[in-house]
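Asker: The sequence isn't on hand, but the structure is:
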Ligand SMILES: C=C(O[C@H]1C=CC=C(C(=O)O)[C@@H]1O)C(=O)O
């Protein structure tokens, strides 16, 4: 990679990418301060089943389901910037002309206030009312009672006007400050749109030391002063146990027996707390270098966003949610980066339209669910991004 030791503001790089009609991703890993940015100068970003181990450095942005025009987008790091090194680096195979154009845009003041990418076709989205959501939860409980499934995650979205003074960097800076434990991201892709979030859920992570990491995350309650003293109801304990069991069944199907399991323990995610169990595997020790891709294919969509068993839960979601989740509860993150591969579930997120914003949230439904409480839970989860929006009001 070629490097340029010049300092750039994050805002400038984002604006140059938008002005040049390029895809751009910003991210910050949990418990770190370094912000990374990558910009792709490729004409085609679409990829099929991601192969993590063979991938060049880039950022993956994948939907809940590859349907209705939503696809896997790979934002190759043709241009990479890290706040740690302060250097802009270029991949050696970058088309020279595209790179020159980008550098020009970076230097030009006419690229200021260019906004962000919005979807090429605005799909008419139905937003669920409280009655509609509660009725879907009742139906889910009925299906669970009939033995059709054990758990299903039902979600909804709301659309509201963006505050007039909204800026994606102001928002990104606030998200970083507010949620130090989360995976924080801002992704903007031509024709696809722009999403921002603070995810609490690792899907598949492989660090430079080849340690694989995934989590079973479920159960929600408002954050307490002392999380160590949190009391969990049977419903949440069982709900999280199902996610755990599913991960263990994936390991079993891959004949993987050597892993560490820690938890469940209470973790904080913004204004909420969850139960989380951590699973780690030393890929060198088990001699399974492709475990990341194998687990990604088995895990997504996890029982923390879909349900158990996966197929009937997915069918129920498609039949009863009444909207397309798009990239909500899909996954996103850096792949093949100097710091490793870190894919997170796209939760506690929002989609930025031109003048509006769409917020998303879901809740795990079991036989013991109280429909009204599940509705409230989705409201609490939407607070993660609402809080950021309210700083512009
Ligand atoms: C589906 C979401 O959260 C999942 C992750 C943690 C806890 C969850 C729950 O308690 O229902 C969900 O499974 C969401 O944030 O929209």
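Answerer: Cool, the structure landed. No experiment lies behind these values; they were computed from the predicted model shown.
Asker: and stretch 332-344, how far apart are its ends?
Answerer: Its start and end residues considered, stretch 332-344 measures 5 Å (C-alpha to C-alpha, to the nearest Å).
Asker: show me the contacts for residue 267.
Answerer: By C-beta atoms under 8 Å, 6 or more residues apart in numbering, the contact set of residue 267 is 181, 200, 217, 227, 273-276. In short, each C-beta sits where N, CA and C put it, glycine included.
Asker: 10 Å instead, please
Answerer: Going by C-beta atoms under 10 Å, 6 or more residues apart in numbering, residue 267 touches 181, 200, 215, 217, 223, 227, 230, 273-276, 278.
Asker: same deal with residue 22?
Answerer: When contacts are counted by C-beta under 10 Å, 6+ apart, residue 22 touches 16, 39-42, 45, 75, 78-79, 98, 101-102, 105, 117, 188-190.
Asker: redo that, cut-off 7 Å
Answerer: Contact analysis of residue 22 by C-beta atoms under 7 Å, 6 or more residues apart in numbering lists 39-41.
Asker: now residue 388
Answerer: Going by C-beta under 7 Å, 6+ apart, residue 388 touches 171, 174-175, 178.
Asker: So which of those residues wins on neighbours?
Answerer: Most neighbours among the contacts of residue 388, by other C-beta atoms under 10 Å: residue 175, with 25 neighbours.
Asker: looking at it, that residue is touching residue 199, isn't it?
Answerer: No. If you go by C-beta atoms under 7 Å, residue 175 and residue 199 don't touch, sitting 10.7 Å apart.
Asker: Of the contacts of residue 22, which is the nearest to the ligand?
Answerer: Set against the ligand, the nearest of the contacts of residue 22 by C-beta to the nearest ligand atom is residue 40 (27.7 Å).
Asker: count of residues packed around the closest one?
Answerer: If we define neighbours as other C-beta under 10 Å, then residue 40 has 26 of them.
Asker: Looks like it contacts residue 23 (just checking).
Answerer: Yes. Residue 40 is within contact range of residue 23, at 4.7 Å (criterion: C-beta under 7 Å).
Asker: anything in contact with each of these two?
Answerer: Common neighbours of residue 40 and residue 23 are listed as residue 75 (criterion: C-beta under 7 Å, 6+ apart).
Asker: Just to be sure, which of the contacts of residue 22 are found in strands?
Answerer: 39-40 (DSSP state E).
Asker: which one of the contacts of residue 22 is nearest residue 367?
Answerer: Using C-beta to C-beta, residue 40 comes nearest to residue 367 of the contacts of residue 22, at 45.4 Å.
Asker: Contacts for stretch 240-254 next, please.
Answerer: Around stretch 240-254, the neighbours that count as contacts under C-beta under 7 Å, 6+ apart are 150-151, 214, 216-219, 259, 264, 275, 277, 279, 294-295, 298-299, 302-304, 308.
Asker: overlap between these and the residues near the ligand?
Answerer: Here is what survives when those are matched to the ligand using C-beta under 6 Å from any ligand atom: 217-219, 304.
Asker: Among these, which one lies nearest to the ligand?
Answerer: Closest approach to the ligand among those (C-beta to the nearest ligand atom): residue 304, at 3.9 Å.
Asker: That closest one and residue 218 touch, don't they?
Answerer: Yes. Using C-beta under 7 Å, residue 304 makes contact with residue 218 at a distance of 5.3 Å.
Asker: follow-up on the earlier one: dump the contacts of residue 22 to TSV, plus distance to residue 240 and pLDDT.
Answerer: Shown next, in TSV, are these (distance: C-beta to C-beta, whole Å; pLDDT from 0 to 100):
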residue	distance to residue 240	pLDDT
39	38	96
40	37	96
41	43	93
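Asker: Quickly name whichever of the contacts of residue 22 is closest to residue 326.
Answerer: Using C-beta to C-beta, the shortest approach to residue 326 within these belongs to residue 40, at 20.1 Å.
Asker: Please report how far the closest one lies from residue 24.
Answerer: 8 Å (C-beta to C-beta, to the nearest Å).
Asker: residue boundaries of the strands in the stretch 251-393 of the chain?
Answerer: Ranges of strands in the stretch 251-393 of the chain, per DSSP state E, counting those that start in this stretch, are 260-269, 272-282, 307-308, 331-335, 341-345, 349-352, 356-365.
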